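[1] model this:
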Amino acid sequence: MLNKLFIEKTDNTLIQLFRYTFVGGIAFAVDFSSLYLLTDFAGFHYLHSAAIAFILGLIINYILSILWVFKSRAVNKKIIEFIIFAIIGIVGLGLNELIIWFSTERINLYYLHSKLISTAIVYFWNFLARKYILYKGKVSE
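    Residues are numbered from 1 along each chain as shown. Have a look, this model is predicted:
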């Protein structure tokens, strides 16, 4: 069972979601810590920091997703695959920025709390869009 969860290539959506949660956690750690460092230590505006941090998380997410999460690939050329992956990520970035801005400016939440809300929503967008647009596999095995 552990072999199936962690090692074997799979098109099983639940196993992919399980793995994507780990990948997302690593990408989130890069994203969240970069946001904090760029805003509080480098002096960037929180929305600029959020964009840069999101891109760093996107790169980590792409590399780990193609290596470990998704077995089936709809696109054979890696550059085209990354462009599609990035477009999905850009939509996620737009959602990220909108949610952070709205939560921080309109609801008056602390920007890092806004980021937590954004992360939960964008996580599901990214997984579902990448699974069904880019890595078209069977719904289950």
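
[2] where are the low-confidence patches of this protein?
    137-141 (pLDDT under 70).

[3] go with 50
    138-141 (pLDDT under 50).

[4] how long is stretch 28-46 from one end to the other?
    End-to-end distance for stretch 28-46: 16 Å, by C-alpha to C-alpha, to the nearest Å.

[5] need the strands for this structure, in chain order.
    Ranges of strands in the chain, per DSSP state E: none exist.

[6] any idea where the helices of it begin and end?
    2-6, 13-36, 46-64, 78-101, 111-129 (DSSP state H).

[7] quick one, which of these is packed in tightest?
    helix 46-64 (a mean of 20; mean count of other C-beta atoms under 10 Å). Any C-beta I mention is one placed from the backbone N, CA and C, and that applies to glycine too.

[8] circling back: so for Lys71, which of the helices of the chain sits nearest?
    helix 13-36 (8.1 Å; C-beta to C-beta).

[9] Helix 111-129 and the closest one, what's the angle between them?
    With axes from the mean of the first three to the mean of the last three C-alpha atoms, to 10 degrees applied, the angle from helix 13-36 to helix 111-129 works out at 150 degrees.

[10] counting contacts, what elements does helix 13-36 pack onto?
    Applying 3 or more C-beta pairs under 8 Å, 6 or more residues apart in numbering; DSSP states H and E, we find helix 13-36 packed against helix 2-6, helix 46-64, helix 111-129.

[11] Understood, closing this out.
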